[in-house]
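Visitor: Sequence plus predicted model, see below.
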Amino acid sequence: MKLSQLLRAIGAQCSQDPEITALACDSREVIPGALFAAMAGANADGRTYIPDALARGAAAVVCTPPLPRGVPGAAVDDPRASLASLAAEFYGQPAGGLTLIAVTGTKGKTTTAHMLREMFTAAGYKTGMIGTLGAYVGRQKLSEGLNTTPEPIALHRTLRQMADAGCTHVIMEASSQAMKLRRLHGLAFAAGLFLNLSPDHIGPGEHGGFEEYRACKAALFRQCRRAVGNGDDPAWPSMAAQLPPGRPALAYGFSPEADLRALSALPDPDRPLSTLLTVEGALPYHIPLPGAFNAADALAAIALGRALGLNDGALRAGLAHTSIPGRAQRYPAPAPYRVVIDYAHNGASFNAILSALRSHNPRRIIAVFGAGGDRPRLRRTDMARAAARWADYAILTADNPRSEPLEAICADISAALGDFPHETIPDRRAAIFRALDMAEEGDVVALLGKGHEQYIETAGVRRPFSEWEVLNEYFGVQRCPSV
């Protein structure tokens with residue numbers, strides 16, 4: 001593609017018109033003929049890397065003024081927004097032929113996105129999904145998820161792959177960072193779905209405070225043709241207020257004022273570790289996941305699906321087939337007890353998953369967990385308190401110790417547990433084996449913290465580690481996780 005054609009997407013012109021073969025925003029990824037977008041990062045100004053990009057063969061540069069003398073390209077006020085427009089143009093405006101659906105919120109984006117993918121697939125639409133666990137066409141994985149919402153180059157490249165594969169709908173997890181960093185600039189969403197908002201992602205390199213965090217979440221809805229949101233969350237009005245005039249907003253929740261009102265979310269007496277969600281005016285929905293938090297995500301997905309015209313059969317079929325890697329994921333153990341893998345790695349998520357498991361009245365809950373190194377110690381204390389409240393026994397082990405001594409992390413958790421029954425087994429495989437050896441009929445073994453992750457990080461090195469494979473090894477079977 002000629003540089004002149006590419007720059008028309010941002011209203012810029014050029015005096016030199018080289019052929020552009022690729023886009024890059026990291027100078028280390030520049031190939032000959034690439035356009036390099038120099039963007040400000042958390043620790044450095046991208047302009048610093050322009051000489052390196054040119055040395056690697058960059059044919060053009062987009063950056064804040066001034067453009068280096070003699071270099072083709074454009075000087076722009078907002079390189080991040082410009083990169084999003086350039087990426088869309090470079091990949092042939094793939095979003096134009098897709099129905100885009102954005103899911104945002106502090107918690108539940110991944111679970112809800114999976115539910116929606118299954119619902120739209122059940123309705124007969126070829127559906128793509130982009131989020132924390134990667135990019136998928138149907139259940140076929142295209143790429144890993146380096147960010148919840150990819151940078152514009154990767155995002156539009158993925159949208160092009162989805163369009164070429166015949167997708168008509170794409171479910172996308174939209175993070176607050178994506179809005180702050182303009183990754184979704186220029187995209188129009190058929191619907192935006194708001195789940196919830198609580199303080200998170202606040203600190204160096206993320207958001208300066210809760211107000212900024214909320215504002216970034218709310219900004220998504222300026223790009224939506226309709227909004228669906230959690231009417232029980234105090235932040236919903238500020239989200240809906242960002243919709244352009246005349247565009248509809250629908251609230252779901254348990255309150256009488258909700259447009260789609262849930263009446264109850266209770267353990268399913270006929271299906272283990274499942275939930276029955278009762279919605280006003282409809283038969284109960286079966287959710288193959290435990291807990292009120294998963295029922296809330298299902299209610300959100302139902303509301304969004306209804307808003308976009310899906311029939312009730314597709315909603316029910318989609319929910320029935322939902323399984324999310326590392327999110328209350330059941331391992332089909334050939335044993336009289338149950339095994340659950342969950343990504344819970346803070347006090348709130350520990351309380352959510354463990355209380356959900358407890359609501360199904362297991363004989364005992366045996367929790368296997370550690371804590372990430374180089375993270376606030378309060379997180380370890382909160383997880384320990386939740387485990388002591390809801391579980392019956394804990395086995396402390398490795399999570400991602402990073403640069404901290406594993407022994408010190410486990411000692412912190414142990415101190416917070418106090419007299420609660422527990423032991424420490426640093427090797428996570430051995431810890432899982434110990435829990436399974438202990439388990440008896442009616443127990444639940446909860447493997448917490450790793451979830452979908454396929455590694456353990458120690459001192460900057462990521463060693464491959466899969467809890468699913470450890471379970472296969474223990475039981476001497478070869479089960480494949482669903483995606």
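Guide: Perfect, I can see it now.
Visitor: Please enumerate the helices of the stretch 201-350 of the chain.
Guide: Per DSSP state H, counting those that start in this stretch, the stretch 201-350 of the chain carries helices over the ranges 210-219, 236-240, 292-307, 312-320, 347-358.
Visitor: Name the residues of stretch 356-364 that come out as buried.
Guide: The neighbour-count check on stretch 356-364 (16 or more other Cβ atoms under 10 Å) flags 356-360, 362 as buried. Using the backbone N, CA and C atoms, a C-beta is placed for each residue, glycine as well.
Visitor: Could you single out the nearest of these to Glu457?
Guide: Closest approach between the buried residues of stretch 356-364 and Glu457, by Cβ to Cβ: Leu357, at 26.9 Å.
Visitor: With adjacent residues omitted, what lies nearest to that closest one?
Guide: Leaving out its chain neighbours, the residue that sits closest to Leu357 by Cβ to Cβ, 6 or more residues apart in numbering is Val444, at 5.3 Å.
Visitor: correct me, but the one you found touches Ile341?
Guide: No. With contact defined as Cβ atoms under 8 Å, Val444 and Ile341 do not form a contacting pair (11.6 Å).
Visitor: Pull out the buried residues from stretch 424-442.
Guide: 424-425, 428-429, 431-436, 439.
Visitor: Where does pLDDT dip in this structure?
Guide: In the predicted model of the chain, residues 42, 199-207, 483 satisfy pLDDT under 70.
Visitor: Please list all residues in contact with the spatially most central residue of it.
Guide: What sits nearest the mean C-alpha location of the chain, by Cα atoms, centre = their mean, is Thr132, with 3.4 Å. Residues in contact with Thr132, defined by Cβ atoms under 8 Å, 6 or more residues apart in numbering, are 109-110, 145, 148, 173, 452.
Visitor: Can you list which of those residues are found in helices?
Guide: Here DSSP state H is the test, and the contacts of Thr132 give 109-110 as lying in helices.
Visitor: Please spell out the ChimeraX selection for the buried subset of the contacts of Thr132.
Guide: Selecting only the buried entries of those in ChimeraX, with 16+ other Cβ under 10 Å as the criterion:
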select :109,110,145,148,173,452
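Visitor: Of the contacts of Thr132, which is the nearest to Ala81?
Guide: The nearest member of those to Ala81, counting by Cβ to Cβ, is Thr148 at 19.4 Å.
Visitor: so can I have JSON lines of the buried residues of stretch 424-442 showing distance to Asp26 and secondary structure?
Guide: Below are the buried residues of stretch 424-442 laid out as JSON lines (distance: Cβ to Cβ, whole Å; DSSP: H, G, I helix; E, B strand; the rest coil):
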{"residue": "Thr424", "distance to Asp26": "41", "secondary structure": "strand"}
{"residue": "Ile425", "distance to Asp26": "40", "secondary structure": "coil"}
{"residue": "Arg428", "distance to Asp26": "33", "secondary structure": "helix"}
{"residue": "Arg429", "distance to Asp26": "36", "secondary structure": "helix"}
{"residue": "Ala431", "distance to Asp26": "38", "secondary structure": "helix"}
{"residue": "Ile432", "distance to Asp26": "37", "secondary structure": "helix"}
{"residue": "Phe433", "distance to Asp26": "41", "secondary structure": "helix"}
{"residue": "Arg434", "distance to Asp26": "43", "secondary structure": "helix"}
{"residue": "Ala435", "distance to Asp26": "42", "secondary structure": "helix"}
{"residue": "Leu436", "distance to Asp26": "43", "secondary structure": "helix"}
{"residue": "Ala439", "distance to Asp26": "47", "secondary structure": "coil"}
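Visitor: for Leu7, what are its contacts?
Guide: Counting by Cβ under 8 Å, 6+ apart, Leu7 touches 13-14, 73-74, 86.
Visitor: Which residues are in contact with Leu27?
Guide: Leu isn't right for residue 27; it's Ser. 36, 49-50, 52-53, 56, 58.
Visitor: before we move on, back to that, deepest-packed of the helices of the stretch 201-350 of the chain, please.
Guide: helix 292-307 (a mean of 26; mean count of other Cβ atoms under 10 Å).
Visitor: circling back: kindly indicate which of the buried residues of stretch 356-364 lies nearest Phe221.
Guide: Comparing those against Phe221 with Cβ to Cβ places Ala356 closest, at 29.9 Å.
Visitor: Now for that closest one: which residues touch it?
Guide: By Cβ under 8 Å, 6+ apart, Ala356 lies in contact with 290-294, 328.
Visitor: let's go with 10 Å and repeat that
Guide: Ala356 sits next to 267, 273, 275, 289-295, 328, 340, 342, 390 when contact means Cβ atoms under 10 Å, 6 or more residues apart in numbering.
Visitor: okay if I get the contacts of Thr132 as CSV plus distance to Leu7?
Guide: Converted to CSV, those look like this (distance: Cβ to Cβ, whole Å):
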residue, distance to Leu7
Lys109, 34
Thr110, 37
Gly145, 31
Thr148, 30
Glu173, 31
His452, 40
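Visitor: so which of the contacts of Thr132 comes closest to Cys480?
Guide: His452 (14.3 Å).
Visitor: Provide a list of residues in contact with the closest one.
Guide: Contact analysis of His452 by Cβ under 10 Å, 6+ apart lists 110, 132-134, 145, 324-327, 329, 341-343, 466-468, 481, 483.
Visitor: want to throw the contacts of Ser27 into TSV with neighbour count, distance to Gly313 and secondary structure?
Guide: TSV is the format used below for the contacts of Ser27 (neighbours: other Cβ atoms under 10 Å; distance: Cβ to Cβ, whole Å; DSSP: H, G, I helix; E, B strand; the rest coil):
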residue	neighbour count	distance to Gly313	secondary structure
Phe36	29	50	strand
Tyr49	22	53	helix
Ile50	20	56	helix
Asp52	14	56	helix
Ala53	27	53	helix
Arg56	17	54	coil
Ala58	28	53	coil
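Visitor: Can I get those in JSON lines including distance to Val228?
Guide: Shown next, in JSON lines, are those (distance: Cβ to Cβ, whole Å):
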{"residue": "Phe36", "distance to Val228": "39"}
{"residue": "Tyr49", "distance to Val228": "41"}
{"residue": "Ile50", "distance to Val228": "43"}
{"residue": "Asp52", "distance to Val228": "45"}
{"residue": "Ala53", "distance to Val228": "42"}
{"residue": "Arg56", "distance to Val228": "45"}
{"residue": "Ala58", "distance to Val228": "43"}
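Visitor: Tell me which two in those residues are the farthest apart.
Guide: That would be Ile50 and Arg56, which, of the contacts of Ser27, are the farthest apart (Cβ to Cβ) at 10.8 Å.
Visitor: Name the residues contacting each of the two.
Guide: With Cβ under 10 Å, 6+ apart, Ile50 and Arg56 have common neighbours 27, 36.
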